[in-house]
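Asks: what shape does this take:
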Amino acid sequence: MEHRPGLDPAVAEVRLAVRRALGGLAPGSGVVVALSGGADSLALASAVAFEAPKRGLQAIAVVIDHGLQEGSTDAAATAADTARALGLEARVVRVEVSAGDGLEAAARAARYEALAAEALDSGAAVLTGHTLDDQAETVLLGLARGSGGASLQGMAPSSTLSSGVALLRPLLGVRRATTRAACAAEGLEPWDDPHNVDPRFARVRVRERVLPVLEAELGPGVAEALARTAEQLREDAEAFADMIDEVIEDIVEHAEAGISVSVAALAANPAALRNRIIRHVVAAEFGESLSRTQTLEVARLVTDWSGQGPIDLPGCRAHRAGGRIVFTANVPR
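Replies: Numbering: from 1, shown residues only. Reported below is the predicted structural model:
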C-alpha cells in the first residue's frame, strides 16, 4: 500500500484502490463520479480528484438529487461545492422517482439512468462508492431472499449498465470505516442521508441490526467473509458461463416462435450446468428470469419425463417434443 510521509493510512488506502480501478482506462477518457455527499462517495471523489489528472483522465462529479426528502436540494448543492473545492467539475441532476417497484429500487433505477446519460455524452465510465460493507449487506440480503448464486455474487468491481456505459466500483475492498477516516483526515464533512438509518428499508436493518449481531456472536471478520464468498461465486459463475458458451451453439436450434434444446445434451450435463443452460436460454430468447422452482420443472422434462404437458413460464411455455425441449413465446390473449 502506498504510504508517503504524513499521508494518512486511510487516505492512502482509498487512493490506491482508485488508482488500480483507473489503471484500465485509456488516457484522455472520462470518469463520472457518483457523488451523494456521504463519506463513501466523498472519499471516492477526493481520491479521483488526486489520481485522475495524473493519468490524463477527465473527471466530473455528478450529484443526483432524488427529491425524496426535505433539504435534498441544499445537500446536493453542498456536495457539488465540495467536489469543486477538490478540483473536480461538478453538476447536480434532479430526477423523478416513481415508487411503483419500491422506493429503493425506483431511486436506484432513476439514479443509474441519470448517471449513464451523463457518461454517454462524453464516453465516460461511471464510478460509485460502494464499499466492502455494502457488498456484505448485498450478499446477506440475497441469502435471506433465497435468490440463488447470481444474487450471492454481490456487486462486481466492474460491470456494464444497460446503456453500455462501464460501471466501476473501486472501493469494494475498502471498509466503510476507512472512507470515514479518510474524510476526517482530509477535513471533509460528509452528509448523512436520513434514509441510511431508516429501518423501513431492509438494507438498513441488515446494516444496523443483523451484521452487528453476527459480528458479536460469531466474531469479527463476518463482512470480509461475505465479500470473499461473493468473489468466489463470481469466479464460479464465470467458469459456468464459459462452459455454456462452449456447448450452447451445438445443442440449441431455432423453432417456430421460439427455440429448442436437445434433451440428450441436457441429460449428459451435470444438474448445475443443465439448470444454467435452461435459465440462459429463457433469458437470452425471451428476456425473462426463471425461479429455482420453474427451472427444476423444466429440467424434469429431461430427467423425469412421464408425458407431462406444457409448463407455463415467464414470457414463454416449455414442452417436450421427441428428443427436444421446445420453448415458445406466450401468445397474448
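Asks: report all helices and strands that the longest helix along the chain contacts.
Replies: Ranked by residue count, the top helix of the chain under DSSP state H comes out as helix 222-251. Applying 3 or more CB pairs under 8 Å, 6 or more residues apart in numbering; DSSP states H and E, one finds that helix 222-251 contacts helix 132-145, helix 149-152, helix 211-218, helix 263-268, helix 271-286. In this view, the C-beta of every residue, glycine as well, is placed from N, C-alpha and C.
Asks: what about residue 190, which SS state?
Replies: Following DSSP: H, G, I helix; E, B strand; the rest coil, residue 190 is assigned to coil.
Asks: now do it, the pLDDT please.
Replies: The model reports residue 190 with a pLDDT of 93.
Asks: how many residues are close by it?
Replies: Residues contacting residue 190 under the criterion other CB atoms under 10 Å number 19.
Asks: I figured it hits residue 36, correct?
Replies: No - assessed by CB atoms under 8 Å, residue 190 is found out of contact with residue 36, at 9.0 Å.
Asks: could I get the buried residue list for whatever helix or strand comes next after the longest helix of the chain?
Replies: Next in sequence after helix 222-251, counting helices and strands by DSSP states H and E, comes strand 252-255. Neighbour-count burial for strand 252-255 flags residue 252 (criterion: 16 or more other CB atoms under 10 Å).
Asks: pLDDT on strand 252-255, on average?
Replies: 86.
Asks: can you tell me what sits against that strand?
Replies: The contact list for strand 252-255, computed with CB atoms under 8 Å, 6 or more residues apart in numbering, reads 259-262, 281, 324, 326-328.
Asks: at 10 Å instead, please
Replies: For strand 252-255, contacts defined as CB atoms under 10 Å, 6 or more residues apart in numbering pick out 259-262, 265, 277, 280-281, 284-285, 321, 324, 326-328.
Asks: now, which of those sits nearest residue 313?
Replies: Of all the contacts of strand 252-255, residue 313 sits closest to residue 327, with 7.7 Å by CB to CB.
Asks: go ahead and name everything in contact with the helix or strand harbouring that closest one.
Replies: Per DSSP H and E, residue 327 falls inside strand 324-329. If you take CB under 10 Å, 6+ apart as the criterion, strand 324-329 is touched by 251-253, 255-266, 278, 281-282, 285-286, 298-299, 301-302, 305, 310-311, 313, 315-320.
Asks: picking up where we left off before, which one of the helices and strands packed on helix 222-251 lies closest to residue 204?
Replies: The stretch from these with the least distance to residue 204 (CB to CB) is helix 132-145; that distance is 9.2 Å.
Asks: which strands or helices does that closest one pack on?
Replies: The elements that helix 132-145 packs onto, with contact taken as 3 or more CB pairs under 10 Å, 6 or more residues apart in numbering; DSSP states H and E, are helix 149-152, helix 176-185, helix 202-205, helix 211-218, helix 222-251.
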